[in-house]
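Asks: The following comprises the amino acid sequence and a computationally predicted model.
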Amino acid sequence: MSNVDNETGGQSQDLVLQPFWDYLHQNHHDLLRSPLFPVVLSVTTYFFLVGLYTVLDLLAPTWPCINRYRLHPERAVTWPNIWTTLSITIYNHLLYIFPAAVAQWLWRPPTPLPPEAPTLWSFFLGILGCMVVFDFQYYLWHLLHHRIPWLYRTFHAVHHQYNQPFSLVTEYLSGWELFCVGFWATVDPILLRCHCLTTWGFMVFNVYVSTEDHCGYDFPWAVHNLVPFGLWGGAPKHNAHHQRPATNFAPFFAHWDWLAGTHTMPALSDHSVTAEPDELKGSED
């Protein structure tokens with residue numbers, strides 16, 4: 001009886017995602033097979049999230065229930081801040097992401113859609129594996145681009161023009177940094193041989209936590225408040241990186257910064273400012 005129970009439990013676990021996958025298969029088969037779908041999924045997820053955060057940024061000065069969660073409640077996100085970061089984001093999407101998407105659409109074959117959905121275990125384990133690999137890749141990239149002055153000035157300094165980030169700073173990047181981030185997000189699921197549903201789940205979660213890291217809010221439901229033992233970075237630690245750029249290089253987890261001695265906890269002084277209330281920009285050496 002125990003063997004039968006174990007097999008039945010395993011089968012029920014395997015079938016958790018199957019109805020959802022069957023629905024996608026039957027109703028959106030051509031869309032999902034398109035090489036453009038991962039790009040569209042990532043871009044729409046990003047603009048949806050930054051749109052929500054931007055609305056919060058504009059409401060925060062007059063809504064105390066929102067402003068209380070901001071890391072810098074005394075510093076308003078202004079329309080000039082929004083237009084500057086949004087213009088660079090759109091510029092990068094038109095100059096880099098759109099041509100790459102067209103090339104992928106022309107030369108990459110349609111995505112094969114297996115009839116079986118991933119198990120729930122492999123789905124979450126695959127996302128976790130991609131996050132761990134991506135975290136290591138970006139930690140090394142980020143560390144080098146802060147330790148080597150030429151790399152910092154040429155490629156990474158643009159991201160640090162804002163020393164108190166808000167959501168649209170997430171992709172306020174140089175073309176080289178945007179390429180590296182997009183390349184790893186695309187290649188890592190392939191290297192780990194993830195199911196396409198797992199790949200898409202990783203892409204959405206990656207965009208979500210990247211935007212959350214830069215959002216400038218410390219909500220109770222943020223990932224860093226849900227993951228125990230301080231294992232996750234989150235917006236407060238990434239905000240501290242923009243304040244003290246020799247620390248907190250990892251994008252998601254905290255273990256590489258702990259091991260390398262580059263970890264720091266946000267201090268109350270990181271949330272204080274001396275500049276004018278409507279000025280979020282800063283310079284970085």
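Replies: That came through, no problem. Numbers count the residues shown, from 1 in each chain.

Asks: all contacts plus neighbour counts: C-alpha atoms, from now on.
Replies: Will do.

Asks: Does the closest residue to Val158 other than its chain neighbours belong to a helix, a strand or coil?
Replies: Of all residues not flanking Val158 in the chain, Leu173 sits nearest, at 6.1 Å (C-alpha to C-alpha, 6 or more residues apart in numbering). Classification of Leu173 by DSSP: H, G, I helix; E, B strand; the rest coil places it in coil.

Asks: mind checking how far Leu173 is from His263?
Replies: 23 Å (C-alpha to C-alpha, to the nearest Å).

Asks: How about the contacts made by Phe37?
Replies: The contact partners of Phe37, taken as C-alpha atoms under 8 Å, 6 or more residues apart in numbering, are Leu31.

Asks: Output the below-cut-off pLDDT ranges for the stretch 151-285 of the chain.
Replies: Within the stretch 151-285 of the chain, the set of residues satisfying pLDDT under 70 comprises 267-285.

Asks: where along it do the strands fall?
Replies: Per DSSP state E, counting those that start in this stretch, the stretch 151-285 of the chain carries no strands over any range.

Asks: list the contacts for the spatially most central residue of the chain?
Replies: Central residue check for the chain by C-alpha atoms, centre = their mean: the C-alpha nearest the mean position is that of Ser210, 2.2 Å away. For Ser210, the contacting residues are 170, 251-252, by C-alpha under 8 Å, 6+ apart.

Asks: would you list those in a markdown table and tack on distance to Ile190 and neighbour count?
Replies: Output for these, formatted as a markdown table (distance: C-alpha to C-alpha, whole Å; neighbours: other C-alpha atoms under 10 Å):
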| residue | distance to Ile190 | neighbour count |
| --- | --- | --- |
| Thr170 | 24 | 20 |
| Pro251 | 21 | 23 |
| Phe252 | 20 | 28 |
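
Asks: what would these look like in JSON lines with distance to His142?
Replies: Output for the contacts of Ser210, formatted as JSON lines (distance: C-alpha to C-alpha, whole Å):
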{"residue": "Thr170", "distance to His142": "14"}
{"residue": "Pro251", "distance to His142": "9"}
{"residue": "Phe252", "distance to His142": "12"}
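
Asks: what about the stretch 1-150 of the chain, any weak spots by pLDDT?
Replies: Looking at the stretch 1-150 of the chain by pLDDT under 70, you get 1-14.

Asks: hmm, try it at 90
Replies: 1-15, 25, 35, 74-75, 96-112 (pLDDT under 90).

Asks: would you list every one of the helices in it?
Replies: For the stretch 1-150 of the chain, applying DSSP state H, counting those that start in this stretch gives helices covering 2-14, 18-27, 29-33, 37-59, 64-67, 79-92, 98-107, 120-147, 149-151.

Asks: same deal with the stretch 151-285 of the chain?
Replies: For the stretch 151-285 of the chain, the helices defined by DSSP H, counting those that start in this stretch cover 175-191, 196-214, 223-226, 234-243, 255-260.

Asks: Of those helices, which is nearest Trp121?
Replies: Nearest of the helices of the stretch 151-285 of the chain to Trp121, taken as C-alpha to C-alpha: helix 196-214 at 10.6 Å.

Asks: Can you get me a residue count around the spatially closest residue to Tyr217 that is not a sequence neighbour?
Replies: Distances taken as C-alpha to C-alpha, 6+ apart put Arg70 closest to Tyr217, at 4.4 Å, once the chain neighbours are dropped. Number of residues near Arg70 (other C-alpha atoms under 10 Å) recorded here: 23.

Asks: I'd like to know how far Arg70 sits from Ala235.
Replies: Using C-alpha to C-alpha, we find Arg70 at a distance of 10 Å from Ala235.

Asks: shared neighbours of these two, which are they?
Replies: 216-218.

Asks: Does Leu120 touch Trp21 like I think?
Replies: No: counting by C-alpha atoms under 8 Å, Leu120 stays clear of Trp21, with 11.9 Å between them.
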